[in-house]
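[1] the sequence and its predicted three-dimensional model are supplied below.
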Amino acid sequence: MEQTPGEGARAGLHLALLEFLTVLPEEVQKADIPPTRKAKITQELCDSTQSILDFIQSILQVPIPADASQSMGILATKQRALRCAQSWIQYGVPLGSLGPLMAQVVALLAMPETFEGAIDVLIELISDPSMRAYEETLSNGLLSVVTTGWMRDEFARAINEQDEQVARPICRLLVQMGETFTTFLVANFLRDDVRTYMEMLLACTAFDGYFPADQELSYPFIINPASSTIWDLLAETIITHLAELLPGDDSVLANLPASVIAGGVSVRSPLGKVGGPAALERHKQVSDSAKALYARLVEVLRKKLTYPPDAEWNGWASDVKDRFRVYRRDCADTFPPCYDILSDIALGSLTQSAMTQLQDFVDGRCRDWQPLEATIFSIKALAERVSDAESVYLPHIFGDAFLGRLAVLSNPELTRPKRASLYAIGEYAAWLNQNPQYINPSATFLIDSLRQPELASAAVVGLEELSHECRTQLVEGVDLLVSVWVEAGTELQPPEKSRLVRAVAQVVQVLPRAALLPRLLRVLNGIVADIQKALASLNQDPELARQTVLDQLGYLKACCQGIQPTQDLEGSLETIATIPASGSTDAEEQQVAVVMWEVTQGICNAWSTDEEVMEALCKFIEKTFRTDLHIFAPNLFSLNNLLVTLYNSSPFACILDAAAMTIVAYGDREGAISPEQKGELARLVSGVADVSVVWIGTKAGMEGRPDVVHSFFQLLTQCLHRCLWAIVNLNQAVLDTIFQMVLAGLQVQEWLALKSILHFLENFVDMDYETSEIAQMVKNVVGVAGPVIIQQILQGIAGQMPKSMDSELARLLHKLVVKYPDPTREWLEACLQQEGFPSARLTALDKTNFVFSIMTKRFVRIKEAVKTFGNKCRGLEGTAFANAV
């Protein structure tokens, strides 16, 4: 039966209307029209929503004729209607009104022509957090369609035939269901349809072929854009569910992963916290079922991260190889939740596989290295969950049964399995620390591998981690480690050599001072000698000399990191001890300092205008302050001269950073330092301040070098805490210029500079006065600059500054109102009395409420007031963006 002209015209009209309604919400949202007009149009859309949904539903309800000539047009209209429904769900229609429409969409899942469009609509719908209120109804409806009938059969066909185009949308729906309805799925874990769902999800993860050369389906189902795997979510919820079934069983609760406890995951069990025989039986059934599922997942993941055969791998382009390596790391991130479910079963299975695969290789039954490497890689991926007390399986891995045998085999095919093992040693360094009998064999394997170019990069990573965790146990072999560094050749690239010297220095650090310095000198001698050679060859090959110096400065920095005291590994400024201005009194330390100072001066003479070299030098200087050894500068006077001279020559931000660290190391807020030391610090601050006010003293200068502004105000902030007298004693003209820079800087649009200026102001206002002279200076500055500061804060909140600065502005307001409540109220009210300031969108009531909230002196209230005030000023009130920030 042919379509009549009237029916054809109606179908065409429907298509045109659906196309218009599909783009309408997005176009209204991005339209550049006056706010009042836009609000009116938005309201009209809201008022029309139900009519539009009814229209879409009427299209989806139209039966499909048996006649192919008629069905094609109706199917095309239904497909367009589905896209329209998706658009309006994205726009934000009341989800409670979608029930009848969703029933139609779910029904269309079973039709080959419409299932993909229906899936898009459902994903859009169930990804909304509010849909959890309907999870039982939606989950039951979706499971009945997805796990039975045409969709289940079509999914099975797509998996078997590797039809990625059909499998992809179904997999997307499965993952979204799992992420949104995790609670429901776990609470009904033993139901047949849920079991089928889990099988389908596992099949998505196991989709055949190597990613990304053969397929790209399995990647999103290993890890989602939020970096939390669907398998991780399921594991956390299963574990919590099992704990709730046996609320009195402390052993279950004790085994909860930290991620579960921190996340506060709660699962509504159908049995509740009842205990008793029924709960015990359900606990066993769910536990056994989950373990069976995750044991299969371990095997799937191990297969997915296995390298392809050499011939196939060598044919891949470099970008494909890079993506596969990233994919392997993402697969590895899914192993910890597997261990949470399986516990030692996972480690035991992989350990047995590793030992069997190695034996097969030795006996000649298998010459492929890929499966063995994948198993070792998988064992490494479990490291973050395996207890340091594990005593059943890891002794086999790190003992003679596996690592001992692998280390002595010379087959070139075992290069990658050996690399994976070297990385695994580093990952399990904490376990080795608790099982010291396996440290020496592991260290021997690492050191031997350093001498093999194809293994050296992996060995140095493992050695650095092992030295960090087991430095005390490795100290007996410290001379061997020093020799390894001295003998290190071109098989290691500069980043790897930095790791190596850091590893060696970590072990050297635990030695008594008398034993430490000779070995440290031996480590440093080679570095210093290479710098001296570079300086000598500067005229012959300046670029090679420069690169050599950059590399050696990197090694020096790494060495200082290694000998850093263990309690200061986090790098807190509070742990830096005050250094005597005269330098070290230890003869051997003085000897090292003299050598280091000579090469430093040579570097500065050659490259004082080279910012990259100066930055590398300054980073090294900063690291020396974190060690217990005073082996860099002979005294504060010499260091001051160097920094001020360098900054005069080339005002780089890195020099200011080194000067700030010098202030931290040599300064003392309590004044427990000598007058000479105070004078030197004052000379340093004065020297860099004199140059800075010339270099960045204007708004244009500040905008041109925001990095220098950032570092300069960071230095001044450190002065407030460690040598306030140095600021007080600055030349008055310089001091005036600094505070003029503060006020000008509040208008700078560079985030880095702006944040450091606000931080300085906050600390300056909040200072506890040591003397009446300082108190008077602070009061004078605040009294003069206060009105301008308040004006700039209000303009910043209103939109002149990035919205990310709201917290900083709230903190500054809080300090002002606590320290100077009456003047702050006066300044606020005076500024806000101006008509249209800081925004014409504000009413008088808005301004009054803002001042009232600020004057509560409660930071939380002030922060919320700043956010609300800013949203109104920017016209963001009530928008999704305002709620998100």
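    Sure thing, it's come through. Numbers count the residues shown, from 1 in each chain.

[2] okay, now the unreliable bits of the stretch 551-700 of the chain?
    Segments of the stretch 551-700 of the chain classed as low confidence (criterion: pLDDT under 70) are 566-580, 669-671.

[3] now with 90, please.
    560-598, 623-636, 665-678, 697-700 (pLDDT under 90).

[4] restricting to C-alpha, output stretch 505-525 in PDB.
    The C-alpha trace of stretch 505-525 is given here as PDB (Å, rounded to 0.1, in the frame of the first residue of the first chain):
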ATOM      1  CA  ALA A 505      72.700   9.300  47.700                       C
ATOM      2  CA  GLN A 506      69.700   7.900  49.600                       C
ATOM      3  CA  VAL A 507      71.800   5.100  50.900                       C
ATOM      4  CA  VAL A 508      74.800   7.400  51.600                       C
ATOM      5  CA  GLN A 509      72.600   9.600  53.600                       C
ATOM      6  CA  VAL A 510      72.100   7.000  56.500                       C
ATOM      7  CA  LEU A 511      75.900   6.800  57.100                       C
ATOM      8  CA  PRO A 512      77.500   8.500  60.100                       C
ATOM      9  CA  ARG A 513      78.900  11.900  59.100                       C
ATOM     10  CA  ALA A 514      82.500  10.700  59.100                       C
ATOM     11  CA  ALA A 515      81.700   7.900  56.700                       C
ATOM     12  CA  LEU A 516      79.300   9.900  54.600                       C
ATOM     13  CA  LEU A 517      81.500  12.800  53.400                       C
ATOM     14  CA  PRO A 518      84.200  10.700  51.700                       C
ATOM     15  CA  ARG A 519      81.600   8.800  49.800                       C
ATOM     16  CA  LEU A 520      79.700  11.900  48.900                       C
ATOM     17  CA  LEU A 521      82.900  13.500  47.700                       C
ATOM     18  CA  ARG A 522      83.500  10.500  45.400                       C
ATOM     19  CA  VAL A 523      80.000  10.900  44.000                       C
ATOM     20  CA  LEU A 524      80.500  14.600  43.500                       C
ATOM     21  CA  ASN A 525      84.000  14.400  42.100                       C
END
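
[5] would you mark the buried spots in that stretch?
    Neighbour-count burial for stretch 505-525 flags 505-511, 516-517, 519-520, 522-524 (criterion: 16 or more other Cβ atoms under 10 Å). All C-beta atoms are positioned from the backbone trio N, CA, C, and that covers glycine.

[6] which residues touch stretch 26-39?
    Contact with stretch 26-39 is made by Ile41, Thr42, Leu45, Ser87, Gln90, Tyr91, Gly875, as judged by Cβ atoms under 8 Å, 6 or more residues apart in numbering.

[7] just the endpoints, please. Distance across that stretch?
    Taking Cα to Cα, to the nearest Å, the first and last residues of stretch 26-39 lie 14 Å apart.

[8] how far is the helix or strand containing Glu199 from where the chain is centred?
    Per DSSP states H and E, Glu199 falls inside helix 192-205. Computed by Cα atoms, centre = their mean, to the nearest Å, the chain-centroid distance of helix 192-205 equals 31 Å.

[9] now do it: everything it contacts.
    Outside helix 192-205, the residues that reach it (Cβ under 8 Å, 6+ apart) are 143-144, 146-148, 152, 155, 159, 167, 170-171, 174-175, 177-178, 185, 188-189, 217-218, 221-222, 230-231, 289, 293, 296-297, 300-301, 304.

[10] give me that answer again for 7 Å
    143-144, 146-147, 155, 159, 171, 174, 178, 185, 188, 217-218, 221-222, 230, 293, 296-297, 300 (Cβ atoms under 7 Å, 6 or more residues apart in numbering).

[11] now stretch 358-373
    Thr306, Tyr307, Ala354, Gln357, Phe402, Arg405, Leu406, Glu413, Leu414, Arg416, Pro417, Ala420.

[12] the second one in helix, strand or coil?
    Of the three states, Tyr307 takes coil according to DSSP: H, G, I helix; E, B strand; the rest coil.

[13] which residues touch Thr843?
    Applying Cβ under 7 Å, 6+ apart, no residues qualify as near Thr843.

[14] flag every buried residue along the helix holding Glu199.
    Asp193, Val194, Tyr197, Met198, Met200, Leu201, Leu202, Ala203, Cys204, Thr205.
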